[in-house]
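*Asks:* the amino acid sequence is not available; the structure is as follows:
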């Protein structure tokens, strides 16, 4: 039997940005196909066999290409972007110190009423003023305005206030009172949670100097215990301050190491996603330029045969080829959306939502106001694809909404569904189990200067994504 030849044609696609180029497909000899038994063949079997042979040949010829680096690669995560780790650590430390400060102020006020008589009653208001400052600090640190107290200068001011208040409390107390001295010894403990060794150096130096001045200038204590024990107490206190400083320094080094490890993990996730996108692009182009073209040509030949000789078997084969064509086109679109370069992100997201809705039966609506293309469009499309895929696979939702806006130089993507919901720390838990999808998308968005948040809603899940537009930079 002689080889089957196809006539090259250009077939339009219903997906904007895709069209079937003129392609020459060389038919394969029917003897290359293993024939079940030796039954007679009809005149209509040639195109179907040629399709099978063409797909086999294309599959055998496919060789994955090494991902190439180009201008679309996401920027590498910078260490400066990880200041949020230090910020979170400092905020937790400040909250603990604020509670300790509140306890110290309570001890000072109680001691004033129990047994520590003030040397100058006119200044007896100092413990109460310090208590008010402690209460205000606790309220601010546990509120949405906590960032005001995280600044380095503000923390240094709080340390100065602590030293000044306790030092003043010791001065106004009667000579020989031990409670003010014990309160003064609590100051190093309040510094141990600091993450800046420079700030800790200043604070501990002032605290140690204040302790030495207080103990040596107290006439009652000098007369009762003598110079030697006073010096020993001072040395022990200085040793305590040095130990606290070493703890602060080690803590700062550990935090820097955590930041470096976090940066390495972020960069690795970005590289993985970039390589994955490149591989998806290669596979998408291979499917589009290879098997999809073969199937399209086979459809045309079968249609030509059916015009001359109607056949029910060929009708079924043609319907199957139509389904296969639609599936391959959808696969090529989702793997490498050429519509981004043609019609833009708005059309691509709309088409993506429609395809997921048709495949899953979930009612997915869109609200899009995104008129101009941007260099960050591939990142936004990638996260939209991941979120919609999660909805289809995991959410058990019946309705979902995709909102895409560009306002104030920022792209806003909100994906909401009415499914079973997802915890705010779900990305971390899934990353520990080896699922990098959502975590890697978050890494890419943060590398581009954006943010991905899982917001708490009564029912379902609301994921909010913000990415600065490159054209606004």
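*Replies:* Sure thing, it's come through. If you're wondering where the values come from, they're calculated on a predicted model, not measured in any experiment. Numbering: from 1, shown residues only.
*Asks:* what about the stretch 101-250 of the chain, any weak spots by pLDDT?
*Replies:* Applying pLDDT under 70 to the stretch 101-250 of the chain flags residues 115-120, 122, 152, 174-178, 194-195.
*Asks:* now the helices for it?
*Replies:* Using DSSP state H, counting those that start in this stretch, the helices of the stretch 101-250 of the chain run over 126-141, 147-150, 152-172, 179-185, 187-191, 197-216, 219-225, 227-289.
*Asks:* out of these, which one sits most buried?
*Replies:* Most buried of these, by mean neighbour count (mean count of other CB atoms under 10 Å): helix 187-191, with a mean of 21. Yep, even glycine has a C-beta here, placed from its N, CA and C like the rest.
*Asks:* can you lay out the helices of the stretch 101-250 of the chain as CSV showing distance to residue 305?
*Replies:* Listed next are these as CSV, based on distance: least, CB to CB, whole Å:
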stretch, distance to residue 305
helix 126-141, 79
helix 147-150, 73
helix 152-172, 80
helix 179-185, 98
helix 187-191, 88
helix 197-216, 83
helix 219-225, 111
helix 227-289, 25
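*Asks:* out of the ones you listed, which comes closest to residue 365?
*Replies:* helix 227-289 (26.7 Å; CB to CB).
*Asks:* what about the next helix or strand after the closest one, distance to the chain center?
*Replies:* With elements assigned by DSSP states H and E, the helix or strand that comes after helix 227-289 is helix 291-308. The chain centroid and the centroid of helix 291-308 are separated by 47 Å under CA atoms, centre = their mean, to the nearest Å.
*Asks:* would you mark the buried spots in helix 291-308?
*Replies:* 291-302, 305 (16 or more other CB atoms under 10 Å).
*Asks:* tell me the least confident of these?
*Replies:* Confidence by pLDDT is poorest for residue 292 among the buried residues of helix 291-308, given 80.
*Asks:* of the helices of the stretch 101-250 of the chain, which is nearest residue 114?
*Replies:* helix 179-185 (8.5 Å).
*Asks:* list the contacts of that closest one.
*Replies:* For helix 179-185, contacts defined as CB atoms under 8 Å, 6 or more residues apart in numbering pick out 104, 107-108, 111, 115-116, 166-167, 169-170, 173, 207, 210-211, 214-215, 237, 240.
*Asks:* that one: how far from the chain's middle?
*Replies:* Distance, centroid of helix 179-185 to centroid of chain: 46 Å (CA atoms, centre = their mean).
*Asks:* so residue 375: helix, strand or coil?
*Replies:* State at residue 375, reduced to three classes by DSSP: H, G, I helix; E, B strand; the rest coil: coil.
*Asks:* need the per-residue pLDDT for the nearest residue to it once chain neighbours are set aside.
*Replies:* Among residues not flanking residue 375 along the chain, residue 470 sits closest, at 3.9 Å (CB to CB, 6 or more residues apart in numbering). Listed pLDDT for residue 470 reads 73.
*Asks:* show me the domain layout of the protein.
*Replies:* As recorded under automatic domain parsing, the domains making up the chain are 79-265, 340-472.
*Asks:* thanks a lot, see you next time.
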